[in-house]
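Chemist: Dropping the sequence and predicted coords here.
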Amino acid sequence: MTVENRSFEVPRPGIRERAYAILEEGDLETWTGRIVEIGLLTVIIANVLAIILETVPAIYRPYHDLFIGFETATVYIFALEYVVRLWAAVEDPFIGAEHPVVGRLRFALRPMMIVDLISFAPFLLLGAVGAGALALRSLRILRLLRLLKIARYSPAVPALIGVVYSERRALIGTFILLICVMCMAGEAMHLAEGSVQPAAFGTLPDSIYWAIATLATVGYGDHVPVTMLGRFIAGMTMVVGLVLFAMPIGIISTGIVNNLHRREFNITWSMIKRQPLFAELDVADIKEIMDLMGAANIPDHARITLAGHAADKFYIVVSGHARLESEGDRREIGAGEVIGVEALDDSGVYGTTITALTEMRLMVLAADELRRLCVRLPVLAERIRARTG
């Protein structure tokens, strides 16, 4: 039975859905998305620069009114952004599944939404009650929190948080080892130098503080051992400190590199929902597909599939164009089309050679994961075969 493409076409997104895609998912496929993101980033950076320059009297005094005007405009921009994010929150499938008020309340309690609220709410409140300049200046530390809003626009920040969480056991183990070495070095130095330099190493807390500074190789405290044994302990503490501080750096950097190799760009809910292939699937099913999907940036003229080779991956074209070549068939394919339908078969081989004509972004699904999904969701297999004709 043939499934026609028009039977599961995706409707054009509404204003609220577009707002959610731009603000929460960083949709840069349209000029509107690019302008909004660049504009908000510019406001955030300019605001932090203004906070810094306000502390320079030679700059602040002659331009006092300009600084006040810019701060007022910034507060209202951030307030408007917050309101629009809250209004569009129900487009998140997990928020939208709840009552609109309860769902939005849960959305407002997310860490980044709390940062957004702090970035403007205290200043609106103080402005409403007529607080003085001193009270506003005292909230400078809260204004600096606006810099954290940049985390929304950098995929590296969530990647870093994800890596720290996934490697938490190794990082905790390294931290425990560091604590043990710190205590042992402090005790050794207390025994070696305590009687010689009682002011510096006479107590264990003083010696542990020295051990912390020495393990970090910063040397705060200006306390140096004078005995041969104390110098030996200090030298060993420095060497061990270099190794211990290098371990978490290596763990995190390796995790970030692996994460970037697995996913070259963020696959978002809106991106998945725009694909007719996944139209009308349950929220839980789409969430599972998002978790399984990888992503790849393909340079122009790169080969994506080769006829006769094992079909180990299934692709959905997000953007760009490619040339499909097979016996008696030569055509171009673009956004929304699928590549590698042969991956549905256990021993499938690619029947066509496909080469990128432009830079392309592809969503990628391993063949075994695709087959497992299609066993559970037969309609998905029907749609994949239908879209390849």
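Modeler: In hand now; what should we look at? Numbering: from 1, shown residues only.

Chemist: Return the list of helices and strands in contact with the lengthiest helix in the chain.
Modeler: Assignment by DSSP state H gives helix 228-262 as the longest helix of the chain. Counting contacts by 3 or more CB pairs under 8 Å, 6 or more residues apart in numbering; DSSP states H and E, helix 228-262 packs against helix 156-166, helix 168-193, helix 204-215. All C-beta spots, glycine's among them, are computed from the backbone N, C-alpha and C.

Chemist: Tell me where the model's unsure across the chain.
Modeler: Applying pLDDT under 70 to the chain picks out residues 1-13, 27-29, 127-141, 154-156, 158, 220-221, 258-266, 388-389.

Chemist: quick one, domains of it?
Modeler: Residue ranges for the domains of the chain, per automatic domain parsing: 5-152, 166-262, 269-387.

Chemist: on that earlier part again, adding distance to I304 and mean neighbour count, write the helices and strands packed on helix 228-262 out as JSON lines.
Modeler: Shown next, in JSON lines, are the helices and strands packed on helix 228-262 (distance: least, CB to CB, whole Å; neighbours: other CB atoms under 10 Å):
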{"stretch": "helix 156-166", "distance to I304": "25", "mean neighbour count": "14"}
{"stretch": "helix 168-193", "distance to I304": "36", "mean neighbour count": "17"}
{"stretch": "helix 204-215", "distance to I304": "50", "mean neighbour count": "20"}
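
Chemist: and the nearest residue to S347 once chain neighbours are set aside, how many neighbours?
Modeler: Take S347 and drop its neighbours on the chain: the residue closest to it by CB to CB, 6 or more residues apart in numbering is A310, 8.0 Å away. Using other CB atoms under 10 Å, A310 has 13 other residues around it.

Chemist: what bridges to A310?
Modeler: With DSSP bridges as the criterion, A310 is bridged to V349.

Chemist: V317 now?
Modeler: L362.

Chemist: do the same with I333
Modeler: According to DSSP bridges, beta-bridge pairing links I333 with A322.

Chemist: contacting residues for it?
Modeler: Residues counted as contacts of I333 (CB atoms under 8 Å, 6 or more residues apart in numbering) are V317, H321, A322, R323, L324, I339, I354.

Chemist: Take those and write them to CSV, including neighbour count.
Modeler: Formatted as CSV, those follow (neighbours: other CB atoms under 10 Å):
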residue, neighbour count
V317, 23
H321, 16
A322, 26
R323, 16
L324, 18
I339, 24
I354, 21
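
Chemist: Let's have these in TSV, adding distance to V84.
Modeler: Below are the contacts of I333 laid out as TSV (distance: CB to CB, whole Å):
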residue	distance to V84
V317	31
H321	34
A322	37
R323	41
L324	41
I339	37
I354	40
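
Chemist: nearest to A386, of those residues?
Modeler: A386 has its nearest neighbour among those in I339, at 15.0 Å by CB to CB.

Chemist: Spatially, and excluding backbone neighbours, which residue is closest to that closest one.
Modeler: Counting by CB to CB, 6+ apart, Y315 is the residue found nearest to I339 once chain neighbours are left out, at 3.9 Å.

Chemist: Pretty sure the one you found sits against M363.
Modeler: Yes - counting by CB atoms under 8 Å, Y315 does reach M363; the two are 6.9 Å apart.

Chemist: re earlier: in terms of contact, does the residue nearest to S347 touch D345 like I think?
Modeler: No - A310 lies out of contact with D345 (CB under 8 Å); the separation is 10.6 Å.

Chemist: Just want the phi and psi numbers for the residue nearest to I339.
Modeler: Here is the backbone geometry of Y315 (degrees, to the nearest 10): phi -120, psi 150.

Chemist: downstream neighbour of the longest helix of the chain in the secondary structure list?
Modeler: Next in sequence after helix 228-262, counting helices and strands by DSSP states H and E, comes helix 269-273.

Chemist: list the buried ones in stretch 92-102?
Modeler: D92, I95 (16 or more other CB atoms under 10 Å).

Chemist: first vs last residue of that stretch, how far apart are they?
Modeler: Start to finish, the residues bounding stretch 92-102 are 13 Å apart (CA to CA, to the nearest Å).

Chemist: which residues touch that stretch?
Modeler: Applying CB under 8 Å, 6+ apart, the set of residues contacting stretch 92-102 from outside is Y20, E24, A89, V90, G103, R104, R106, F107, W269, V283, I286, K287.

Chemist: From those residues, pick the one nearest L177.
Modeler: K287 (37.6 Å).
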